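**Student:** here is my input, please return the structure:
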Amino acid sequence: MSSIAPFQNTMLTYSASHQQAALFATMGARKTSTTIIHAIRMGFKKVLVVCLKNNIKTWCDELDDRFHGEGYQPILGSSKQRAQTIKEFQTSTDRFLITNYDSMKRPSKTRRGNYDLFKETAKGITLVIFYE
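**Tutor:** Numbering: from 1, shown residues only. Below you'll find the predicted structure:
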């Protein structure tokens, strides 16, 4: 696991003692790793990360580089591929499901009609992170 700076401990202590918390920090202040550490320490099993599309790679890289063994699945590709990723996530041991704001706000078209990503991902989610 990633080493923790003193200012991260302050953020982690605060977020652990409040039901809802927001981290406002400058670029490079390790918000992504702090948020990942929080989810792990608090024992959240299924975490939905909603971020800007260009931040999906940041989350994947952070998990790969600093949190080896923490499973994640980015929601990418066609409507069919996204639906399959969500289905696999719900039965996997992966902790993080990473998507973007655009995917969350509009239903996807499938052969069976509209597929509401938000309703499908909400099943079993124990923490939602909105990241910008």
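
**Student:** which stretches of this protein form strands?
**Tutor:** Counting by DSSP state E, the segments of the chain that form strands are 47-51, 72-74, 96-100, 108-110, 113-115, 127-131.

**Student:** lowest-confidence stretch among those?
**Tutor:** Of all the strands of the chain, the minimum mean pLDDT falls on strand 113-115 (a mean of 54).

**Student:** to Phe7, which of the strands of the chain lies closest?
**Tutor:** strand 127-131 (18.2 Å; C-beta to C-beta). In this view, the C-beta of every residue, glycine as well, is placed from N, C-alpha and C.

**Student:** flag every buried residue along that closest one.
**Tutor:** Neighbour-count burial for strand 127-131, counted by 16 or more other C-beta atoms under 10 Å, picks out Leu127, Ile129, Tyr131.

**Student:** please apply the same query to stretch 69-80.
**Tutor:** Glu70, Tyr72, Gln73, Pro74, Ile75, Ser79.

**Student:** closest one of those to Arg95?
**Tutor:** The shortest approach to Arg95 among the buried residues of stretch 69-80 belongs to Glu70, at 5.7 Å (C-beta to C-beta).

**Student:** ok, and the closest non-adjacent residue to Lys53?
**Tutor:** Asn100 (4.2 Å; C-beta to C-beta, 6 or more residues apart in numbering).

**Student:** to clarify, my last question referred to Glu88.
**Tutor:** Nearest non-adjacent residue to Glu88, counting by C-beta to C-beta, 6+ apart: Gln73, 6.8 Å away.

**Student:** contacting residues for the one you found?
**Tutor:** Contact analysis of Gln73 by C-beta atoms under 8 Å, 6 or more residues apart in numbering lists Thr85, Glu88, Phe89, Ser92, Asp94, Phe96, Leu97, Ile98.

**Student:** just want the most central residue of the protein.
**Tutor:** Central residue of the chain (C-alpha atoms, centre = their mean): Val49, 2.3 Å from the mean position.
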